[in-house]
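Visitor: here you go, sequence then predicted model.
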Amino acid sequence: MEKRAQQLDANSADEVPIFLPSTFSPWRNQKESITSSEPTFANPAPQPPVTSPQTSRETGSQDISEEHISRSPLQQSTSPFNPLVTTNTVTADDTPASRPFDHGMQPRTEVGIAASNSAAANLEKPGPLRRTRFKEMLGSSLPTTLFKSNSFSRIHGNYDEIRDDHQDAPPHREMEHRDSDTENYPMDSVNTREVREESCTSSDDTSDIEMDDLAARYERPPLDCYSRRDVYIKHWSWEYIVLVLLSLYSTLLSGLWFVTSIYQPRYGRGISSSEGWKMAPSTATLVCTLIAKTIEISFVTVYVALLGQVLTRRAFIKKAKGVTLAEMTMRNWVIQPGSLLTYWEGVPYAAMTLLGFVSLLATLCSLFYTTASDAMVSPKLMFGRWENRDLKGLVRASYANPFYVQKACSTPIDRTMDPKNSAPSCLDVQYSGQSYHNLLTFMQVTSLKCYRSHANSHSRTEWQTIHDEKTAPRDTLAVRPVGRHSLFDNTTMVSSWIETEFGDPASSLKAHGRIINNVTLAMPHAGVYLAATDPRNDILQPEDLAGVGEYSIRASVVSPVVNVMCVNVAHDELAPLIYPTWPDARTEDTEIPGQKIGVEDWFNDVPPPTDDEWLNRTAVDDLFRWGAKHHRRPPVFQMFPIDFNMITNTSVAGSESLYVLAKSGLIAEYTLCEMRSWVTPKCSTRFDVSGISGGFMGAYCEDPNDADSYAAASGNDDAKGPPKPSSDWRNLAEQWRLSMDLNGGVQNNNASNARIMTNFILHETALNPFLPSMAEALAVLSSSTLVAASLGSTYRVDWEYPEVELNPGIYETFKASMRTQQYTSSHVQRWQGVFYAVLGTVFAINVACLLYLAFFRQGLVTDYTEPQNLFTVAVNSPPSAALSGSCGHGPDTAGLVVPWRVNYSAAANHYFFEEVDDKKKPHVSNRASMTSGSDLLSTREGRLRGKNYEHYKRLRESKSWL
């Protein structure tokens, strides 16, 4: 037995397996025409063997007969082929093909038809071994009876032998096989039968790609890529649902963002540092940025998905122009905007289309959307528009009520410790400190930035600067510096000069023949501060806005004013008002030689007020409105003051004035000043609060265009009457002058305050352009009394309540125009309005995408622009000369504009890319090869392939809009 086996091995050593060509011809070149070649069925005419002369010389002539072929009975009965002996000329169809060694199809032994060793010498060795899905499908579908028998003739050889032959081939032969375009496939013996055509194709349907035509394009059967799933995506698939939800989210939120940027809502206490369920400003900014980022991400996701749908559908449509690589890169624009610079070659071609233009817009919008949201939607502290409101302020006493003002002074010394003097002493310290502070700020150098311009205080500086530089003379009262007051140490109150027509000394000289210094100073109503900070008005304070908030109020309330009129009077003209000059006057000598002073109880000698007692007449009665004509009594002084001293009088019965008599050492005349106070309806109080720079309150007066003044906006009748000086203020001023010892001249104390005031006395018929006047200095010095008199007092001209002090008080309503700063979704600079286009474009594209998903009934398809899908289809597509030479560095400009189309073969159930070619391709028979294996597919696969083909045909016949 061993010898017989060795003999058989020796006889078959030089035999070469020969395989039958198939009419399917998957190893043909594309340029060869495809012809149908029918195999020889049962009992064909035997052909004599053909031997090569070269083979004969090497091995000798040997004839091969059927007896030499050892075949099992089963094989001999089932095989429809007769043994063939080939010649040494091998055509493209006859080139044998082999499977790889590791092919998993059983049995591993190949069945073939062998030629004699004389012909094997001239026969080409098999090329590289390859296993295909086609062979696996074919082998798995062969009748099982072919593989039940274990007896195979050694003349057929096995796979190992074929592989060994290939490995033993000379190197030059191996290279020839690698360079050739053909592959060798060993073919098993099969039962030949008529292959049935698929139900999805018809003879007149040109949309399908037949198997032979497909094989010619691929040069081998593409059955390795039998599509497992349809290209269509169901409406209610997870992918579709997620895409719809993302589109809905992006549309609603981008629409909300766009509307918010237009409407610019204000969040009030919703975004503030207030206590309670409020959102902190930093948290609000973070939330807005986070939402904007999610809108951007969802927008990019939805748009890229819809862009892929449009391009993929266009690639399927037969009448469309196809899809270019430049258009496929549009998705990279949106995902990676930097690709517009790094891969710019295709941009000019893709951007010129409508879809490219929209993609370019989507790219820019996605790039700047978070920035646009931060500029237009993120909450920022912004002033709103001016709005009219009715504010409420708590009123507890009439204007300049001295008892209420004393009780309002904060001191730890209560009435139990000092029942009579606790409140007056507190008020004296307050007056003294505030008044001297006001006078110093009026005279000292202060930066221009500390002042805010008013209608009658343009570009003001303080007097020391004006006096030192002498470059900006101020000889008109309307433009001269005004006084300031510090309220609660966090608000600067700035006064204003009013009734300036009476402040020109030159005009007074013409009218009265003497020097008159007449000024009226208006202060803002301090009660506006209390109303603005009252919780009832619900105004966001700076501390509610992280300490940086602001607001502005234009309150239609009255303003307290003080009028100071100083008249230069000669010694003789003033004598009727000096007690030592009266007949029978009780006087005493002072330390100054020749100076007389009334005794301590001198005021008892002054006649009490009666209906016909108006005391002595003087030359200035008409100026000060004294006498029976005006029903006012003049003051009486205890003595003449010496140079640089001054004395006061507040004891005139029924009077509302405080009088100051001063003497300057620069002129011979004395100066008599009258001080009165009232509330005026000619002003409005402007209150500006800033968490950074503090509060600023100013009196804005005598502007005919001021719609917020009390006279213009209150609508009250008391605004039309003449001013009514307050008699209570005289009592308040009495406490004020005691606090600073303005009456120190009766002791000739040469007080510093008197020295300063007397140096400001006018000695010419004009205001000194580089120095303030005495009337101006007294008005500023007494401005602290106006602030104390207005805190907690009425906002109106008249007092309409039965009592002068209310406990616990009553809220008065006054009109105001106000502009508050709140966290608002708005832009800060005007140029930032360009981001409206970004927000609007994103919303518009989102709406279009949502409508596409909602109303496009054809559903979704597999996105072939996705990298994984594109790669899968591309590697299973036939090669194209349009991209030749691009495998290393990628496509150049010419390759980017080549149009491509997705084709489909129902026979192979295979999708692939193909260059768009308008030339009509030759018709190929729809009859599949007997050995193609298409008839071996299962019934289920056939039905699936038919459904896929119907979907492909529907896509192919649809229309393209973009």
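Guide: Structure received.

Visitor: what residues of the longest helix seen in the chain count as buried?
Guide: If you go by DSSP state H, the chain has its longest helix at helix 281-316. Neighbour-count burial for helix 281-316, counted by 16 or more other C-beta atoms under 10 Å, picks out 281, 284-285, 288, 291-292, 295-296, 298-316. (Each C-beta comes from the backbone N, C-alpha and C, glycine too.)

Visitor: where does pLDDT dip in this structure?
Guide: 1-223, 445-461, 472-473, 857, 917-949, 951-962 (pLDDT under 70).

Visitor: how does it divide up, domain by domain?
Guide: 11-179, 232-382+825-861, 399-800 (automatic domain parsing).

Visitor: after the longest helix of the chain, which helix or strand is next?
Guide: helix 325-328 (DSSP states H and E).

Visitor: show me the strands in the stretch 701-850 of the chain, by range?
Guide: 805-825 (DSSP state E, counting those that start in this stretch).

Visitor: check the stretch 351-500 of the chain too.
Guide: 379-383, 387-397, 484-487, 491-494, 496-498.

Visitor: with distance to T581 and mean neighbour count as extra columns, can I get the ones you listed in CSV?
Guide: Formatted as CSV, the strands of the stretch 351-500 of the chain follow (distance: least, C-beta to C-beta, whole Å; neighbours: other C-beta atoms under 10 Å):
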stretch, distance to T581, mean neighbour count
strand 379-383, 64, 18
strand 387-397, 41, 18
strand 484-487, 39, 20
strand 491-494, 43, 22
strand 496-498, 36, 26
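
Visitor: which one of these lies closest to L540?
Guide: Between L540 and the strands of the stretch 351-500 of the chain, the shortest gap by C-beta to C-beta is with strand 379-383, which sits at 9.9 Å.

Visitor: mind listing what the closest one pairs with, with the direction of each?
Guide: Strand 379-383 has the following strand partners under DSSP bridges: strand 805-825 (antiparallel).

Visitor: got the phi and psi for the residue nearest to N743 when sequence neighbours are not counted?
Guide: With C-beta to C-beta, 6 or more residues apart in numbering as the criterion, N743 has its nearest non-adjacent residue at 4.5 Å, and that residue is T648. As for T648, its main-chain torsions (degrees, to the nearest 10) stand at phi -130, psi 160.

Visitor: what's the neighbour count on T648?
Guide: 24 (other C-beta atoms under 10 Å).

Visitor: quick check: D863 touching A305?
Guide: Yes: when contacts are counted by C-beta atoms under 8 Å, D863 is listed as touching A305 (6.6 Å).

Visitor: follow-up on the earlier one: could you check the angle strand 379-383 makes with the longest helix of the chain?
Guide: Orientation of helix 281-316 against strand 379-383 (axes from the mean of the first three to the mean of the last three C-alpha atoms, to 10 degrees) gives an angle of 120 degrees.

Visitor: send me stretch 732-747 as PDB with only the CA atoms.
Guide: Output of stretch 732-747 as PDB, limited to C-alpha atoms (Å, rounded to 0.1, in the frame of the first residue of the first chain):
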ATOM      1  CA  LEU A 732     -33.900 126.400  63.700                       C
ATOM      2  CA  ALA A 733     -31.400 129.000  62.700                       C
ATOM      3  CA  GLU A 734     -31.200 130.200  66.300                       C
ATOM      4  CA  GLN A 735     -29.800 126.800  67.300                       C
ATOM      5  CA  TRP A 736     -27.500 126.900  64.300                       C
ATOM      6  CA  ARG A 737     -25.900 130.300  65.000                       C
ATOM      7  CA  LEU A 738     -25.400 129.300  68.700                       C
ATOM      8  CA  SER A 739     -23.500 126.200  67.600                       C
ATOM      9  CA  MET A 740     -20.900 128.300  65.800                       C
ATOM     10  CA  ASP A 741     -21.100 131.400  68.000                       C
ATOM     11  CA  LEU A 742     -21.900 133.700  65.200                       C
ATOM     12  CA  ASN A 743     -22.800 136.300  67.900                       C
ATOM     13  CA  GLY A 744     -19.300 136.400  69.200                       C
ATOM     14  CA  GLY A 745     -18.900 140.000  68.200                       C
ATOM     15  CA  VAL A 746     -20.700 141.200  71.400                       C
ATOM     16  CA  GLN A 747     -17.600 140.000  73.200                       C
END
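
Visitor: got the buried residues for it?
Guide: Quick answer for stretch 732-747 (16+ other C-beta under 10 Å): 732-733, 735-740, 742-746.

Visitor: just give me how far it sits from the chain centre.
Guide: Chain-centre distance of stretch 732-747: 63 Å, with C-alpha atoms, centre = their mean, to the nearest Å.

Visitor: what do you get for stretch 572-588?
Guide: Worked out by C-alpha atoms, centre = their mean, stretch 572-588 lies 82 Å from the chain centre.

Visitor: contacts for stretch 544-555?
Guide: The contact list for stretch 544-555 (C-beta atoms under 8 Å, 6 or more residues apart in numbering) reads 269, 272-274, 281, 381, 383, 386, 391, 525, 528, 531-532, 539-543, 684-692, 700, 708, 795, 814-823.

Visitor: list the buried residues for it?
Guide: 544-545, 549-555.

Visitor: number of nearby residues for S793?
Guide: 27.

Visitor: what distance do you get for it to S784?
Guide: S793 sits 15 Å away from S784, going by C-beta to C-beta, to the nearest Å.

Visitor: swap in Q336?
Guide: 69 Å.

Visitor: more neighbours: those two, which one.
Guide: Comparing Q336 with S784 by other C-beta under 10 Å, the one with more neighbours is S784, at 26 against 13.

Visitor: contacts only, for the more buried one.
Guide: With contact set as C-beta under 8 Å, 6+ apart, S784 has these partners: 430-431, 434-435, 438, 485, 736.

Visitor: same check on T324?
Guide: T324 touches 346, 349-350, 896-900, counting by C-beta under 8 Å, 6+ apart.

Visitor: could you redo the last one with a cut-off of 10 Å?
Guide: T324 makes contact with 311, 346, 349-350, 353, 891, 895-900, 916 under the criterion C-beta atoms under 10 Å, 6 or more residues apart in numbering.

Visitor: same thing with L307?
Guide: Contacts here follow C-beta under 10 Å, 6+ apart; on that basis L307 touches 327-328, 330-331, 333-334, 355, 358-359, 362, 849, 863, 865, 962.

Visitor: return the member of those residues nearest to V494.
Guide: Of all those, V494 sits closest to A362, with 55.1 Å by C-beta to C-beta.

Visitor: and the closest one, how many residues sit next to it?
Guide: By other C-beta under 10 Å, neighbour count at A362 equals 24.

Visitor: okay, the contacts of L307 in CSV with distance to G715 next?
Guide: Putting the contacts of L307 into CSV (distance: C-beta to C-beta, whole Å) gives the following:
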residue, distance to G715
E327, 70
M328, 73
M330, 66
R331, 67
W333, 64
V334, 61
L355, 64
V358, 59
S359, 62
A362, 57
C849, 57
D863, 70
T865, 71
L962, 65
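
Visitor: which of those lies closest to L767?
Guide: Proximity of the contacts of L307 to L767 (C-beta to C-beta) peaks at A362, which lies at 70.6 Å.

Visitor: quick one: the closest one and V334 touch, right?
Guide: Yes: contact criterion C-beta atoms under 10 Å: A362 and V334 qualify, at 5.3 Å.

Visitor: give me the common contacts of these two.
Guide: Common neighbours of A362 and V334 (C-beta under 10 Å, 6+ apart) are 299-300, 303-304, 307.

Visitor: export the strands of the stretch 351-500 of the chain to TSV and append columns for distance to P505.
Guide: As requested, the strands of the stretch 351-500 of the chain are arranged in TSV below (distance: least, C-beta to C-beta, whole Å):
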stretch	distance to P505
strand 379-383	43
strand 387-397	38
strand 484-487	25
strand 491-494	25
strand 496-498	14
